[in-house]
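**Student:** Fold the following, please.
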Amino acid sequence: MVLGFLGLGVMGRPMAANLVAAGHELVVWTRSGVPLEGARFAPSPAGVFTASEVVFLMLAGPEAIDGVIGPHVAGRTVVHMGTTSPDYSADLAGRIVAAGGRYVEAPVSGSRGPAEAGQLVAMLAGQDQDLSRVRPLLPPMCRQVIDCGPVPNGLRMKLAVNTYLIGMVTALAEAFHFAERHDLDLDVLRQVLDAGPMASYVSRGKAGKIVDGDYAVQASIRDVHYNNRLIVEAAAARGIASPLLDVCRRLFAEAEELGHGGLDMAAVIHALTARTVRDAAADTGSASSPAAAGSAAAAAPPS
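**Tutor:** I've put the predicted structure just below:
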């Protein structure tokens, strides 16, 4: 069958390239107009749907998705592989089905490296007959596909996975910040962590970025901040406490405000550094203020 792909960004482009490499006939469209080797370029998103039977979406969020969905989804299976709120996904499913289309969630766990290597993990949700159609198409992009039940459980599962990811990487950044402020050798810390029981593909990659000062994007601060927001909002809607992710959200927001939104999520360490510098300056200012000097004089023993 002819496949369509919308969303040729950091993740989407290598994912689509893997479909082409596997021999699939692929039709694509992107705002940038940059072609994908081996794929046909449609003149518009509607042109992708017209030419395809199954269309994969790897778009940035609801606004981008809404911009490509219309009557042309009739008779097509739409596969949502990006990250949105579960409630939005459920509503999107209803709109697509009402227009005569079929809908499957397949959000993925992984960043640019696994996307390039075809090593993503997909969380599949939808009707059984739709899943049977989509599942055989995923191996060029995903090393494992896990069924999660009906829509929107795929997106709910993705947010649960990202809760762990965001907390882990933020804690890793804080560990390196702690070590740096104690004048420890950061490469030695990396060696200890890489050799220990907590080591993982993610920890090794992010530790390497921090030690090398190389924040070339795999998963950006901006995207992680967006995902973090989705998590705390979904938690609040169910009355679920999310204290760790509340803190992480503030840190990623601060990193983005510092101008690091396009860097890899490991650059959240810059927010920690900025907090330390700011707190130290505040403490110095407090100690040198007239009020502080007066308090110190009052507390001094008489001569």
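
**Student:** Can you pull the poorly scored residue ranges out of the chain?
**Tutor:** By pLDDT under 70, the low-scoring segments of the chain are 286-303.

**Student:** and the lengthiest helix in the chain, how far out from the chain's middle?
**Tutor:** Criterion DSSP state H: the longest helix present in the chain is helix 153-181. Counting by C-alpha atoms, centre = their mean, to the nearest Å, helix 153-181 is centred 11 Å from the centre of its parent chain.

**Student:** cool, stretch 134-145 as well?
**Tutor:** Worked out by C-alpha atoms, centre = their mean, stretch 134-145 lies 19 Å from the chain centre.

**Student:** Please apply the same query to stretch 241-249.
**Tutor:** Counting by C-alpha atoms, centre = their mean, stretch 241-249 comes out at 16 Å from the chain centroid.

**Student:** Quick one: name whatever helix or strand follows the longest helix of the chain.
**Tutor:** helix 186-195 (DSSP states H and E).

**Student:** tell me which residues of that following helix are tucked away?
**Tutor:** Using 16 or more other C-beta atoms under 10 Å as the test for burial, helix 186-195 gives 186, 189-190, 193. In this view, the C-beta of every residue, glycine as well, is placed from N, C-alpha and C.

**Student:** Quick check: next helix or strand after it?
**Tutor:** Of the helices and strands lying after helix 186-195 in sequence (DSSP H and E), the nearest is helix 201-212.

**Student:** which one among the buried residues of helix 186-195 gets closest to residue 158?
**Tutor:** residue 193 (26.1 Å; C-beta to C-beta).

**Student:** And the furthest pair within the buried residues of helix 186-195?
**Tutor:** Pairwise over those, using C-beta to C-beta, the maximum falls at 186 and 193, 10.5 Å.

**Student:** quick one: the helices in this protein?
**Tutor:** 12-21, 45-51, 62-66, 86-98, 112-117, 128-134, 153-181, 186-195, 201-212, 221-237, 243-255, 269-288, 290-299.

**Student:** And for the closest residue to residue 105 other than its chain neighbours, the neighbour number?
**Tutor:** Nearest residue to residue 105 in three dimensions, chain neighbours excluded: residue 154, at 3.2 Å (C-beta to C-beta, 6 or more residues apart in numbering). Using other C-beta atoms under 10 Å as the criterion, residue 154 is surrounded by 26 other residues.

**Student:** ok, residue 154 - contacts?
**Tutor:** Contacts for residue 154 (C-beta atoms under 8 Å, 6 or more residues apart in numbering) come out as 89, 105-107, 123-126, 148.

**Student:** same thing but at 6 Å, please
**Tutor:** Residues in contact with residue 154 (C-beta atoms under 6 Å, 6 or more residues apart in numbering) are 105, 107, 123, 125, 148.

**Student:** Could you name every residue contacting both of residue 186 and residue 193?
**Tutor:** The contact lists of residue 186 and residue 193 share no entry, where a contact means C-beta under 6 Å, 6+ apart.

**Student:** show me the contacts for the residue lying closest to residue 180 once chain neighbours are set aside.
**Tutor:** The shortest distance from residue 180 to any non-neighbouring residue, by C-beta to C-beta, 6+ apart, is to residue 186 (6.2 Å). Going by C-beta under 6 Å, 6+ apart, residue 186 touches 176, 179, 211.
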